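Q: Give me coordinates for this.
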Amino acid sequence: MEKIVTPLRYIPYRRADIVEMCLAEGHLDDAQHPLFRQFANSLAAMVHTEHHTLLEDLKRAYDYLNPQNELRESHLLTTPDHDFKTTLLQVLEKANFEQLTEQDLQAALKEASLFKVRLHVDFSQFKEALVFARGQTQRTEEVSWLWGRFRKNITFTHFKRVALYLRLPAQDNQPEHICLKLFQDVPKSDIEMLFPETEVKMRTIDKLFIGIPAVVSGGIVLSTKMGTTLLLLGSLFGFWLGLHADPVTLNKASVLALLAGTGALGGYVWKQVKNFRTRKLKFVQALTRNLYFKNLANNTSVLYQLIDDAEEEESKEILLAYYFLLISEEALTAQQLDTLIENWFAKHWHYELDFEISDALNKLERFNLASAQGGKWQAVSLETVIPNIT
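A: Residues are numbered from 1 along each chain as shown. Predicted coordinates:
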């Protein structure tokens, strides 16, 4: 079960779905339907062109920082004149990602992992580590506990998408570089598993699960299989230390008993070490499998994904703002339009949206799709917009 605690900026529908959702309202007549679809396609093309330029700028700047860059330098191009990080943050903002604060990140790292392992991240290996998330919800799921004997419901914070920005220092004749990573469906309490070279440690309860039986069985081994060996060793040490004068005779039977006891002890110790390593290996394997399916993109691939997300979000925001201004019988203030869109999502689609009205109106004005007079906004007609936007 999933629940939205606070309204989200992210619009969880495809652009094409938004078009059909608007048309299904019935406020536009049949003759306007193809015009609205044409408008939506032309708008998407225009937004794509803008973001393609932004993507090329990002790729060029990232070539100097990409740890996987295999291209040779021609030395004909100058270093990009804009800051990669600043531009990337703008794209993340367009894609409706939220940066986790230092307090949020530390709180997430302290939460008990749903993975039932203890993970440690050495942040000293990064010059800078930033985490961005989108689609934060509360989930309730049934999980097993006490080694699968019982089941219980737990509620946890969950992110639809998580992006990492990791700046690593120069080392071993390698220049400073930036790692980018993108993940899906990440519990907040398991954020640390996304960082590279995370150390897997066993929880106290897991150590007790191995340690207590080990102590009990160890006592049994000492009292049964090593009883004769311990008595023999005690007599030898007592004679060597001068605690008693009677010499100890090591015959064939005594030597065999000593070897058998030592072998039993060695075998027992090795078995416990092997149990510990096996259990830790199972945790690492489970972590690796889980991480494999959550990873969406790395480094340059992250830029493509984020630009695509930003395009979609920008297009959807413009479409929604334009549509509701278009069907309104009177000009609307920014607050009225914002409330109208948010109520529409809540009533018809059962989704709590925090619509970015200021950003949407700025885009409408920039693309000449709407104008404002006296603080009230009105859309340009479809018939007027189509020739100018195509």
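Q: can you give me the strands in this protein?
A: Along the chain, the stretches classed as strands by DSSP state E are 2-3, 98-99, 118-120, 128-145, 150-168, 177-187, 199-201, 295-298, 332-333, 370-373, 376-379.
Q: Can I get those in CSV including distance to residue 362, mean neighbour count and mean pLDDT?
A: C-beta: built from backbone N, CA, C; applies to glycine. CSV is the format used below for those (distance: least, CB to CB, whole Å; neighbours: other CB atoms under 10 Å; pLDDT from 0 to 100):
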stretch, distance to residue 362, mean neighbour count, mean pLDDT
strand 2-3, 32, 11, 64
strand 98-99, 20, 16, 92
strand 118-120, 42, 16, 70
strand 128-145, 21, 16, 81
strand 150-168, 24, 17, 84
strand 177-187, 27, 20, 91
strand 199-201, 46, 14, 65
strand 295-298, 29, 15, 92
strand 332-333, 15, 18, 96
strand 370-373, 10, 15, 94
strand 376-379, 11, 18, 96
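Q: and of the ones you listed, who's closest to residue 322?
A: Closest approach to residue 322 among the strands of the chain (CB to CB): strand 376-379, 5.6 Å.
Q: hmm, who's touching the closest one?
A: If you take CB atoms under 8 Å, 6 or more residues apart in numbering as the criterion, strand 376-379 is touched by 322, 325-326, 328, 331-334, 337, 361, 364, 369-372.
Q: same question, stretch 163-170
A: With CB under 8 Å, 6+ apart as the criterion, stretch 163-170 contacts 67, 85, 88, 92, 97, 125-133, 176-183, 194-196, 302, 306.
Q: how about a cut-off of 6 Å?
A: 126-130, 132, 176-179, 181-182, 194 (CB atoms under 6 Å, 6 or more residues apart in numbering).
Q: with these in mind, which one is nearest to residue 151?
A: residue 194 (27.1 Å).
Q: can you map out the helices along this structure?
A: 15-23, 33-62, 84-94, 102-110, 204-223, 227-240, 252-294, 300-327, 334-349, 357-366, 382-389 (DSSP state H).
Q: Any buried residues in the fourth one, and which?
A: For helix 102-110, the neighbour count (16 or more other CB atoms under 10 Å) marks 104-105, 108-109 as buried.
Q: Also the second one?
A: When neighbours are counted by 16+ other CB under 10 Å, the buried residues of helix 33-62 are found to be 36, 39-40, 43-44, 47-48, 51, 54-55, 58, 61-62.
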